[in-house]
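*Asks:* A predicted structure for the sequence below; I have some questions about it.
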Amino acid sequence: MTKSDHTSLFALVAGRSHWTPRFVQGLGLLCASFLFTTPAVAEDFLQFDTQLKRDNNLGNSRVRYAVADNSLINTLNVGRIATLGDDPITVILNGKLASTSYNRFTGLSHRDLGGTIEVKKKWGLGPYAPVFSGQLGYERQLFEQADRTQDIQHAELRLSKRVIENLNLNATWRLTQHHAADNRSVEEDYSGAVYDGRYHTWSVSADYSIFGDHLLGLQYSQRKGDLVVTTVSDSAAIYSVAKAIRPDPAFGADRDAYRLDGEIKSWGFSYTIPLNRQWDLQFENQKHDSRVSNGVTYAKRVYSVSAHFKF
């Protein structure tokens with residue numbers, strides 16, 4: 001890549017109003033450069049994941065309006081891992097195809113197509129040297145409820161370090177932006193761009209291995225920026241601070257979706273069990289607490305069980 005290519009890539013991550021086309025162009029340029037590189041070591045991978053998830057507050061609303069549902073998520077990841085140079089840098093190119101199906105609220109079901117490119121560098125020698133990585137990603141989500149269809153881009157920085165033989169720590173910062181396909185105004189004096197949004201997330205996690213190959217995980221994250229709440233139409237509690245409003249028929253005729261400024265604090269626990277060389281099973285429990293700009297709070301819990309197969 002030339003110097004001007006790197007400059008335009010930085011601009012598309014830092015920019016906002018025209019992020020979508022420039023992001024796709026920049027990510028495509030990176031992927032093309034990588035595909036035509038002849039690495040010292042390269043390995044292709046293919047992985048299938050299936051997850052059954054239970055969310056007890058899909059709309060992220062107050063308890064009396066909360067609705068729950070189960071979803072099944074199937075994901076296929078395919079890509080290449082390459083090691084470049086004498087002072088090796090690892091480059092990971094990943095393509096993703098996924099589908100999410102809800103049991104009751106079928107308008108929330110969607111199909112996803114996307115990809116990421118990640119660059120990793122280990123600073124130092126031995127198993128305790130820190131690893132820095134940066135990632136760019138793009139995803140297109142096609143919803144059964146058409147006005148939810150959107151493009152999602154993200155930029156991520158991560159630091160990982162093994163502190164003792166069984167314990168690895170991670171710190172991550174991510175910037176995410178959503179661009180909805182339908183932003184028509186449907187409420188007088190309010191924007192209809194509910195599913196447009198921009199937010200950043202800080203997270204820390206710890207992975208501890210037990211019994212040799214079982215893995216315990218703890219996670220904490222804090223997200224700030226735009227968030228979406230679906231609750232009763234004309235909700236007095238949030239109407240005055242909403243940045244955008246539109247009906248949300250996936251939840252019923254008397255439900256509206258609102259885009260608000262706020263934050264989400266999340267805690268998670270996971271336990272991963274390897275079944276054999278190709279399969280592993282993961283159980284996860286997450287708690288999410290949201291607070292919007294006028295002080296109203298929401299809470300949800302998400303439970304999931306996942307199976308991962310590496311071809």
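*Replies:* Done, it's in.
*Asks:* ok, and what's touching stretch 276-295?
*Replies:* Taking CB atoms under 8 Å, 6 or more residues apart in numbering as the criterion, the residues outside stretch 276-295 that touch it are 60, 219, 227, 229, 237-238, 240-241, 260-275, 297-311. For the C-beta atoms, the positions are set from N, CA and C on the backbone; glycine is no exception.
*Asks:* can you verify my assumption that Val78 contacts Gly95?
*Replies:* Yes - in this structure, Val78 is within contact of Gly95 by CB atoms under 8 Å, at 5.2 Å.
*Asks:* helix, strand or coil for Gly107?
*Replies:* Three-state assignment for Gly107 (DSSP: H, G, I helix; E, B strand; the rest coil): helix.
*Asks:* which ones are touching it?
*Replies:* Contacts were defined as CB under 8 Å, 6+ apart; by that measure Gly107 touches 143-145, 148, 249-251.
*Asks:* if you set the cut-off to 10 Å instead, what comes out?
*Replies:* Applying CB atoms under 10 Å, 6 or more residues apart in numbering, one finds that Gly107 lies in contact with 143-148, 248-252.
*Asks:* quick check on those residues: which are buried?
*Replies:* Burial by neighbour count, 16 or more other CB atoms under 10 Å: within the contacts of Gly107 this picks out 143-145, 147-148, 248, 250-251.
*Asks:* tell me the one among the residues you listed nearest to Thr106.
*Replies:* For those, the minimum distance to Thr106 (CB to CB) is 5.8 Å, reached by Glu144.
*Asks:* quick one: the closest one from Asp86, how far?
*Replies:* Taking CB to CB, to the nearest Å as the measure, Glu144 falls 51 Å from Asp86.
*Asks:* repeat for Tyr208
*Replies:* 34 Å.
*Asks:* one more: Ala155?
*Replies:* Computed with CB to CB, the distance linking Ala155 and Asp86 is 28 Å.
*Asks:* looking at those two, which is more packed in?
*Replies:* Of the pair Ala155 and Asp86, Ala155 is the one with more neighbours under other CB atoms under 10 Å, namely 20 against 5.
*Asks:* pretty sure Val229 is touching Lys243, no?
*Replies:* No - in terms of CB atoms under 10 Å, Val229 does not count as a neighbour of Lys243; the distance is 11.3 Å.
*Asks:* tell me where this protein has strands.
*Replies:* Across the chain, reading from the start of the chain, the strands by DSSP state E fall at 41-55, 69-84, 89-102, 110-122, 131-143, 150-164, 167-180, 197-210, 214-232, 244-247, 255-274, 279-292, 297-310.
*Asks:* hey, what's in contact with both of Val229 and Lys243?
*Replies:* 194, 258-260.
*Asks:* what values do phi and psi take at Arg62?
*Replies:* Its backbone dihedrals place Arg62 at phi -70, psi 160, with angles given as degrees, to the nearest 10.
*Asks:* before we move on, what about Asp234?
*Replies:* phi 60, psi 40.
*Asks:* counting neighbours, what do you get for it?
*Replies:* A count of nearby residues for Asp234, using other CB under 10 Å, gives 10.
*Asks:* fine, thanks again, bye for now.
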